[in-house]
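> sequence and predicted structure, then a few things I'm wondering about:
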Amino acid sequence: MDKLKILQVEVELVQGDITQQDDIDVIVNAANAQLETGGGVAGAIHRAAGHGLAEECRPMAPIKPGEAVISSGHQLPNPFVIHCLGPVYGVDQPSDALLADCYRNALLLADEHKLASIAFPSISTGAFGYPIKPAAGIALDTIKAIVPSLKNIQKIRIVLFDQTDFETFDKKLGQLNI
């Protein structure tokens with residue numbers, strides 16, 4: 001199972017590069033507090049978007065764990081980027097609530113901007129050390145819970161770079177009770 005429908009919203013998983021989702025209105029950056037170029041997802045998005053992204057983001061920083069802000073996509077194929085600061089596992093507490101806030105706040109922000117599609121990476125599971133299994137459950141449970149309140153979002157994609165992460169999310173997706 002790599003996709004399912006929750007009410008009117010298609011939720012799908014793909015293995016690939018978050019910066020190559022050219023059919024999506026907004027991609028989510030697993031950002032750092034200063035919204036600067038970093039490693040992992042943030043580095044890839046900033047490299048693909050060009051230096052204008054960092055310039056636009058500078059006045060919005062710093063953000064707190066769980067918070068989401070929106071910028072334009074610059075040289076990305078997507079018109080917008082939502083930047084979320086995920087929790088550092090074992091440091092930012094309560095990490096499960098803060099991780100859920102990332103997904104919830106990004107979805108609400110995209111919906112508020114009347115965007116129809118959004119793509120997420122696996123937030124906090126890279127350098128921030130969040131274990132993939134609980135992170136996948138939190139991501140998908142949060143998406144399931146928020147979908148009924150969304151008015152504009154029609155597609156939610158989770159883009160996983162790593163095959164093992166994809167398989168973990170796919171297993172959790174199959175366990176969602178819809």
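Here it is on my side, so go on.
> so Leu13 touches Phe169, yeah?
Yes - with contacts counted by C-beta atoms under 8 Å, Leu13 reaches Phe169, the gap being 5.3 Å. Just so you know, the C-beta spots here come from the backbone N, C-alpha and C atoms, and that holds for glycine as well.
> what is in contact with those two at once?
By C-beta atoms under 8 Å, 6 or more residues apart in numbering, Leu13 and Phe169 have these common neighbours: Ile158, Leu160.
> other residues contacting the least confident helix or strand in the chain by mean pLDDT?
When the helices and strands of the chain are compared on mean pLDDT, DSSP states H and E, strand 3-6 comes out lowest with a mean of 93. The contact list for strand 3-6 (C-beta under 8 Å, 6+ apart) reads Glu10, Val11, Glu12, Leu13, Ile143, Lys144, Val147, Leu173, Leu176, Ile178.
> of those residues, just the buried ones, ChimeraX syntax please.
Buried residues among the contacts of strand 3-6 (16 or more other C-beta atoms under 10 Å), as a ChimeraX selection:
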select :11,12,13,143,144,147,173
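> phi and psi next, for the residue lying closest to Ile156 once chain neighbours are set aside.
Nearest residue to Ile156 in three dimensions, chain neighbours excluded: Val11, at 4.9 Å (C-beta to C-beta, 6 or more residues apart in numbering). Reported as degrees, to the nearest 10, the phi and psi values for Val11 are phi -110, psi 120.
> what stretches of the protein score poorly on pLDDT?
1 (pLDDT under 70).
> would you map the strands across the protein?
3-6, 9-15, 26-31, 68-72, 80-85, 117-120, 155-160 (DSSP state E).
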